[in-house]
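Q: Okay, here's the prediction I keep looking at, along with the sequence it came from:
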Amino acid sequence: MKYNYLNNLPLNEAKSKYYAHLKEVGFSGQSETVPVTDACGRVIKEAAYARICSPHYNASAMDGVAVKAEKTFTASERTPVTLTPDDYTVVDTGDPLPDNSDAVIMVEDLIEGENGNYEIISGVVPWQNVRQVGEDICMGDMIAPSGTVLTPSLCGALLAGGITEIEVIRKPLVGIIPTGDEIVLPTADPQKGDIIEFNSTVFKGMLGEINAKVKVYPITPDKKELIESAIKTALSECDIVLVSAGSSAGRDDYTAEIISLFGTVLVHGIAIKPGKPAVLGEALGKPVIGLPGYPVSAIVIMDEIVSEVVAMYYGKAKPLRKTVKAVLAKKIVSSLKYSEYVRVSLGRINGKLSAAPLARGAGVITSFTKADGVLIVPQNCEGFEAGEEVEIRLNKPLAEIENTLIVTGSHDPLIDEVSDFLARKGVPFRVCSTHVGSMGAVYAVRDGLAHMGGIHLLDTETGVYNKSYVEKYLPEGNAVTVKGVGRVQGLMVQKGNPLNIKEFRDIKNCRYVNRQRGAGTRILCDYLLEKNGLTPKEIDGYHNEEFTHTAVAALIAAGNADAGLGIYSAAKMYGLDFIPICNETYEFLIDKSYLDNPMVKAFLDVLYSEEFKARLAEMGGYV
């Protein structure tokens, strides 16, 4: 059965249409009055004007004595002036200036004499060391214009200007309705078919960052009357309503239909990827937005549209994100049908920012947790070539990105473990790792797109790892391999080895899961196939590719495959049986110019430490 979206509008067109409608129906925030002492972070409704001066009296700016300045004019080292108790009044910083005084002499400039007298050897001018009325703020001055977000210092200025209460925009209450028959509350032991409901937690955090309150409603099953009731309740209680999932074109997706019962559906289907199924509607003068069920799709809509709706509520424009230019580490191919949002990790290599694309699936939320920025591929663009300069919209501060060690290449859990050791040491940088296979590491280091890369490339003629590949692809000798670890490669099979797999050639009798082309484990697989007289066509699942050892192990543990080559630590992690095949050399390829880099040295120091060797022994499979 085929289902269609109402629209496939370009993002900017969808936004314009939606926001124009919200303005027409008068969507905006109501105000409330709060104590200034509790107003930090709030958005003020109207301009704030000082009610008093600050200071509101002439105040001493120093500890010392208040005097009439004209009595001090003749003071010098040769002709000191003596001040009797009748000539001065002792004051501390902040004290009101006595009526008969117009200056303050600092205590450091007083020479104590007899009978309470002081001598001075330099004079003061009128209002010296005095904070005059209105020095900081004058009554009637505008302290902050309408729509200002109150910072701690602004709150202080308001109080100094005699404003103790302030009218602010009431924080919008955003209702989130999770929907779906398969959705369950977070648990460490979900049943088969259960999908953990974590989207609302993500949305709640994002909304908190933009000054909105959140009410998460109970999970609502995919029944039209129940979703209708939930939306009706949320509309009566909230300023903005988000319906999580139920926005696509499937048979149980009722969001667009139900919104139209209460109000108007303006957009259903936006030409962006991920995020296409979004529903933009309005009911009772309030935005009602259907978010896609896939987390990355929903996050894109939250960031692109919901954040702007909240800004509109406050009467403000959404702040522009900072952008940077970066060199793309890997080719990106995109459809002409959509604008595509590609998450990337960033690091500075050889003076240039390098952008490495992360997993692009709509359900891969870890691609957002690791993303330093987003590359937006325009709708009518087929993509970008590796090495091309592209514009990246930042998710993180540039200073944090600048202090990033980029480690790419063959996957091994030890990289994450080293990263954790470094984090616990409190180093002033972070480690960002991407899994592009051993050959990917060779290309990245060669092209100046990574600081270092993990490799385990078997020369099938000599049996030596890595050496011939480095000589072939980096003939200039500007990169070296440094000691990593020895590790055991073997077949990971289901617990109990139900198929009685004993050696590599037995994979022809099972469902196999492979590594991606360019991975050292893939090269080993092809070598073993040839050695055993097998061809890829004989292997069920040869073209079923994964990018990490743990991904291979996860599929076997889930019953999606029977066997796959990988390292022992991954098999142990998933409780799989393991049939050793060979020991291999896993090394790090590093550009020579980075051997003395503090981040690289700190990484290697941890790798070679006795403490880390003990951790590898716990993980198992390293020799």
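A: Done, it's in. Bear in mind the structure is a predicted one, so any value in this text is a computation, not a measurement. Numbering: from 1, shown residues only.
Q: show me where the stretch 251-400 of the chain has strands.
A: Taking DSSP state E, counting those that start in this stretch as the criterion, the stretch 251-400 of the chain contains strands spanning 263-268, 272-273, 279-283, 286-291, 323-328, 332-333, 339-349, 352-357, 373-377, 383-384, 389-394.
Q: for those strands, which one sits closest to residue 618?
A: Judged by Cβ to Cβ, the one of these that comes nearest to residue 618 is strand 339-349, at 28.0 Å. All C-beta atoms are positioned from the backbone trio N, CA, C, and that covers glycine.
Q: what's the offset of the closest one from the middle of its chain?
A: Using Cα atoms, centre = their mean, to the nearest Å, the distance from the centre of strand 339-349 to the centre of the chain it belongs to is 12 Å.
Q: counting contacts, what elements does that strand pack onto?
A: With contacts defined as 3 or more Cβ pairs under 8 Å, 6 or more residues apart in numbering; DSSP states H and E, strand 339-349 has these neighbours: strand 272-273, strand 323-328, strand 352-357, strand 373-377, helix 398-402, strand 404-409, strand 430-433.
Q: can you pull the buried residues of the fifth one?
A: Residues of helix 398-402 classed as buried by neighbour count (16 or more other Cβ atoms under 10 Å): residue 401.
Q: What average pLDDT does it get?
A: Here helix 398-402 scores 89 as its mean pLDDT.
Q: pLDDT below threshold where in the stretch 301-450 of the chain?
A: The stretch 301-450 of the chain contains residues with pLDDT under 70 at 361-368.
Q: Oh, that last question was meant for the chain, not what I typed.
A: Scanning the chain with the threshold set as pLDDT under 70 gives 1-6, 246-253, 361-368.
Q: Let me know which of the strands of the stretch 251-400 of the chain is the nearest to residue 410.
A: Using Cβ to Cβ as the measure, strand 352-357 is the one of the strands of the stretch 251-400 of the chain that comes nearest residue 410, at 14.7 Å.
Q: Report the separation between residue 449 and residue 335.
A: For residue 449, the distance to residue 335 equals 25 Å [Cβ to Cβ, to the nearest Å].
Q: go on, residue 547?
A: In terms of Cβ to Cβ, residue 547 sits 22 Å off from residue 335.
Q: before we move on, back to that, can I get the strands of the stretch 251-400 of the chain in JSON lines with mean neighbour count and distance to residue 534?
A: Supplementary listing: those in JSON lines, determined by neighbours: other Cβ atoms under 10 Å; distance: least, Cβ to Cβ, whole Å:
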{"stretch": "strand 263-268", "mean neighbour count": "21", "distance to residue 534": "51"}
{"stretch": "strand 272-273", "mean neighbour count": "22", "distance to residue 534": "39"}
{"stretch": "strand 279-283", "mean neighbour count": "26", "distance to residue 534": "51"}
{"stretch": "strand 286-291", "mean neighbour count": "28", "distance to residue 534": "47"}
{"stretch": "strand 323-328", "mean neighbour count": "18", "distance to residue 534": "37"}
{"stretch": "strand 332-333", "mean neighbour count": "16", "distance to residue 534": "32"}
{"stretch": "strand 339-349", "mean neighbour count": "23", "distance to residue 534": "37"}
{"stretch": "strand 352-357", "mean neighbour count": "23", "distance to residue 534": "33"}
{"stretch": "strand 373-377", "mean neighbour count": "21", "distance to residue 534": "40"}
{"stretch": "strand 383-384", "mean neighbour count": "18", "distance to residue 534": "36"}
{"stretch": "strand 389-394", "mean neighbour count": "17", "distance to residue 534": "42"}
